[in-house]
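Asker: The following comprises the amino acid sequence and a computationally predicted model.
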Amino acid sequence: MLLLKSSLAQDLTDPAALRTALQQAIELEHSTIPPYLYALYSLIQGKNDAIAALIQSVVIEEMTHMALACNILNAIGGAPVIDSPDFIPQYPGPLPGTVESQLTVPLAPFSLDLVKNVFMVIEEPEDPLNYPVVGLRAAAAPPLTIGQFYEKIREALIANGEGIFTGDTSRQVSATYMGITPVTNLAQAVAAIDLIVEQGEGTTTSPQASPTELAHYYRFAEIYHGRQLVPTTAAVPVGAEDAEPFDDGYSYSGPAIAFDPAGVYPVVTNPKAAQYAPGTLARNDCDTFNYSYTGLLQALHQTFNGTPAAIQGAIGAMFTLKTQAIGMMQVVIKPGSPTTAGPSFEYQPTLPADQSA
């Protein structure tokens, strides 16, 4: 379980502290996206498609959560900071928010271990519901889960009331097809917080984020267990009689979600641009990707700082990143080596002189 220091949620009835907490939430939501994308892009297209679809669905919602946090911050008179080198965390390393849990998050190719030991830890709720697997594949203030952190923000918004919503409504961003809705009052802010938490963690009684979607933790659990989580009427499904105690109502007994290890590019783990020799295809590709990625952050910064229409360009930039990353993952780092290159997700506002001509 990912835990944050309780100090992040102290004194949130103070509007300035609340704005700081929301900026922290924006940075935290963004920080999960590069690791998820790196694993997603490492899946060879046409193979492991069910897994890719699940990861992609989580990524899209993380982008939505980041956008909603930006809308809330704008609504209470803040200004999201996105176009900054400090906005991007160092990989491998902890996620932003002064994480206490010792979780080191890498940029790594997809594997079941990565899903279990990193992705499910990031998304794990305070009290995850335990369901059986059928057809199993082998003294200080306490820290906060991400869901608890958002609950503290929710409580502070309610405590401050409608009077805190003084932001310029023209800065609100809307993209309903992604679930990004404007926030101009308390009810809309609370609804946005509830959506973020339920999509990430589910509820205390159900793994569902909505009638048609599981929360992120349970989507990753489906990948790890190799089966869909489905409703069940059996107290103990056949084949799970010896399983540990579990919560009624669901089991990982649905259609199989097969994983083919051969369908993953042999991409490097935790790349940095500096590790690729200057002038090589891998280095040029990495520089180009990082330039595009930085351009995306700049577009998002513009979007949430007075130019809402820039969201369309930012969305288009995401497709550019995908094309560049997949192409790069087919480039060997050194002749004779099976390891291929990968993007490093570093801040690079300009291209090297030999590429910018």
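Answerer: Perfect, I can see it now.
Asker: can you give me the strands in the stretch 101-250 of the chain?
Answerer: Per DSSP state E, counting those that start in this stretch, the stretch 101-250 of the chain carries strands over the ranges 208-210, 213-214, 230-231, 250-251.
Asker: Please work out which of the ones you listed is packed deepest.
Answerer: strand 250-251 (a mean of 24; mean count of other CB atoms under 10 Å). Where C-beta positions appear, they are placed from N, C-alpha and C, glycine not excepted.
Asker: Just checking: what are the partner strands of that one?
Answerer: strand 230-231 (antiparallel) (DSSP bridges).
Asker: Need the residues that contact the partner strand.
Answerer: Contacts to strand 230-231, defined as CB atoms under 8 Å, 6 or more residues apart in numbering, come from residues G249, Y250, S251, S253, G254.
Asker: Can you list the low-confidence ranges for this protein?
Answerer: For the chain, the stretches flagged by pLDDT under 70 are 98-101, 127-142, 202-205, 233-248, 353-354, 356-357.
Asker: Show me the domain layout of it.
Answerer: Domain segmentation of the chain under the TED database yields 6-256, 273-354.
Asker: Generate TSV for those domains, with distance to Y265 as supplementary columns.
Answerer: Listed next are the domains of the chain as TSV, based on distance: least, CB to CB, whole Å:
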stretch	distance to Y265
domain 6-256	5
domain 273-354	4
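Asker: Figure out which of those is closest to V264.
Answerer: Set against V264 and scored by CB to CB, those come closest in domain 6-256, at 5.3 Å.
Asker: Give me the contacts around stretch 274-292.
Answerer: Contacting residues not belonging to stretch 274-292 are listed as 271, 273, 317, 320-321, 324-325, 327-328, 331-333, 341, 343-352, 354-355 [CB under 8 Å, 6+ apart].
Asker: Okay, buried residues for it please.
Answerer: Judged by neighbour count using 16 or more other CB atoms under 10 Å, the buried positions of stretch 274-292 are Y276, A282, R283, N284, D285, C286, D287, T288, F289, N290, Y291, S292.
Asker: cool, stretch 336-348 as well?
Answerer: Buried residues in stretch 336-348, counted by 16+ other CB under 10 Å: T340, A341, G342, P343, S344, F345, E346, Q348.
Asker: likewise stretch 210-223?
Answerer: Buried residues in stretch 210-223, counted by 16+ other CB under 10 Å: E213, L214, A215, H216, Y217, Y218, R219, F220, A221, E222, I223.
Asker: distance of the fourth one from Y38?
Answerer: What that stands for is H216. According to CB to CB, to the nearest Å, H216 stands 17 Å off from Y38.
Asker: what do you get for the third one?
Answerer: Between A215 and Y38 the distance, using CB to CB, works out to 22 Å.
Asker: Next: the fifth one.
Answerer: With distances taken as CB to CB, Y217 is found 20 Å from Y38.
Asker: do the same with the second one
Answerer: Separation of L214 from Y38 (CB to CB): 22 Å.
Asker: Same check on the first one?
Answerer: Spatial separation of E213 from Y38 under the definition CB to CB is 23 Å.
Asker: got it, and the last one?
Answerer: To Y38, I223 is 15 Å away according to CB to CB.
Asker: So G263 sits against I44, correct?
Answerer: Yes - the pair G263 and I44 passes the contact test of CB atoms under 8 Å, sitting 4.8 Å apart.
Asker: separation between P207 and L229?
Answerer: The value you get for P207 to L229, if CB to CB is used, is 6 Å.
Asker: ok, now L22?
Answerer: Going from L22 to L229 by CB to CB gives 32 Å.
Asker: contacting residues for N74?
Answerer: Residues in contact with N74 (CB under 8 Å, 6+ apart) are P80, G167, D168, R171, Q172, V183, F304.
Asker: now with 10 Å?
Answerer: Applying CB atoms under 10 Å, 6 or more residues apart in numbering to N74 gives the contacts 19, 22, 80, 165, 167-173, 182-184, 304-306, 308.
Asker: cool, M178 as well?
Answerer: Counting by CB under 10 Å, 6+ apart, M178 makes contact with I60, E61, M63, T64, A67, L68, I311, I315.
Asker: That one and M318: what is the separation?
Answerer: Per CB to CB, M178 is found 11 Å from M318.
Asker: again with S6
Answerer: Distance from S6 to M318, by CB to CB: 34 Å.
Asker: do the same with E155
Answerer: 33 Å.
Asker: quick one: P338 is in a strand?
Answerer: No - residue state for P338 (DSSP: H, G, I helix; E, B strand; the rest coil) corresponds to coil; a strand is not indicated.
Asker: what residues are up against the residue lying closest to it once chain neighbours are set aside?
Answerer: Computed as CB to CB, 6 or more residues apart in numbering, the closest residue to P338 that is not its neighbour in sequence is P266, at 5.1 Å. Neighbouring residues of P266 by CB under 10 Å, 6+ apart: S42, P109, M329, V332, S337, P338, T339, T340.
Asker: Quick check: the two most widely separated of those residues?
Answerer: Using CB to CB, the contacts of P266 span at most 16.5 Å, a distance reached by S42 and S337.
Asker: picking up where we left off before, is there a quick ChimeraX command that grabs whichever of the contacts of M178 are buried?
Answerer: Per 16+ other CB under 10 Å, the buried members of the contacts of M178 correspond to this ChimeraX selection:
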select :61,63,64,67,68,311,315
